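A.B. asks: Okay, sequence plus prediction incoming.
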Amino acid sequence: MAVELISNYDSVYFNKDSKMVTIMKETYEDVTGNDGTPVTTTGGTYAKIMLHIVPFGPSFPGQKGIGHNPNEWMRIEDIITNAKIYALNLYRLSEEID
């Protein structure tokens with residue numbers, strides 16, 4: 001068996017005015033009523049090794065710093081809202097593919 005270590009620490013950059021990011025921002029705003037302006041976070045992401053993938057994980061006011069900690073948590077209502085955002089995003093993005 002051969003093992004190969006692959007490192008990729010390049011930043012992930014997407015134009016915030018691109019069609020894909022705009023759709024995701026507007027969907028977040030439509031579902032939550034909150035400002036959906038994209039923000040950056042620290043840490044790694046699967047998007048570093050997959051082309052045309054925007055790392056997208058909606059969060060809500062008051063949730064700063066809750067992820068990737070011991071006993072990571074999210075309210076059930078927020079999980080349901082996330083599911084609505086993801087589903088509507090997938091639908092809207094699929095409408096852009098001809």
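C.D. replies: Arrived safely, thanks for sending. Computed from a predicted model, the values in this text were never measured in an experiment.
A.B. asks: what's the burial count for residue 58?
C.D. replies: Residue 58 is flanked by 19 other residues according to other Cβ atoms under 10 Å. Heads up, the C-betas are built off the backbone N, CA and C, glycines and all.
A.B. asks: hang on, it packs against residue 28?
C.D. replies: Yes. With contact defined as Cβ atoms under 8 Å, residue 58 reaches residue 28; the gap is 5.6 Å.
A.B. asks: Between those two, which contacts overlap?
C.D. replies: residue 85 (Cβ atoms under 8 Å, 6 or more residues apart in numbering).
A.B. asks: residues near residue 28, how many?
C.D. replies: 24.
A.B. asks: so which helix or strand takes in it?
C.D. replies: helix 19-32 (DSSP states H and E).
A.B. asks: Show me what secondary structure element comes after that helix.
C.D. replies: Defined by DSSP H and E, the subsequent element after helix 19-32 is helix 76-95.
A.B. asks: With adjacent residues omitted, what lies nearest to the most centrally placed residue in the chain?
C.D. replies: The centre of the chain sits closest to residue 56, judged by Cα atoms, centre = their mean, with a distance of 0.7 Å. Spatial nearest neighbour of residue 56, excluding adjacent residues (Cβ to Cβ, 6 or more residues apart in numbering): residue 24 at 5.6 Å.
A.B. asks: The one you found: how many residues sit nearby?
C.D. replies: Neighbour tally, residue 24, other Cβ under 10 Å: 23.
A.B. asks: quick one: low-confidence ranges for this protein?
C.D. replies: Along the chain, segments meeting pLDDT under 70 span 6-9, 42-44, 65, 98.
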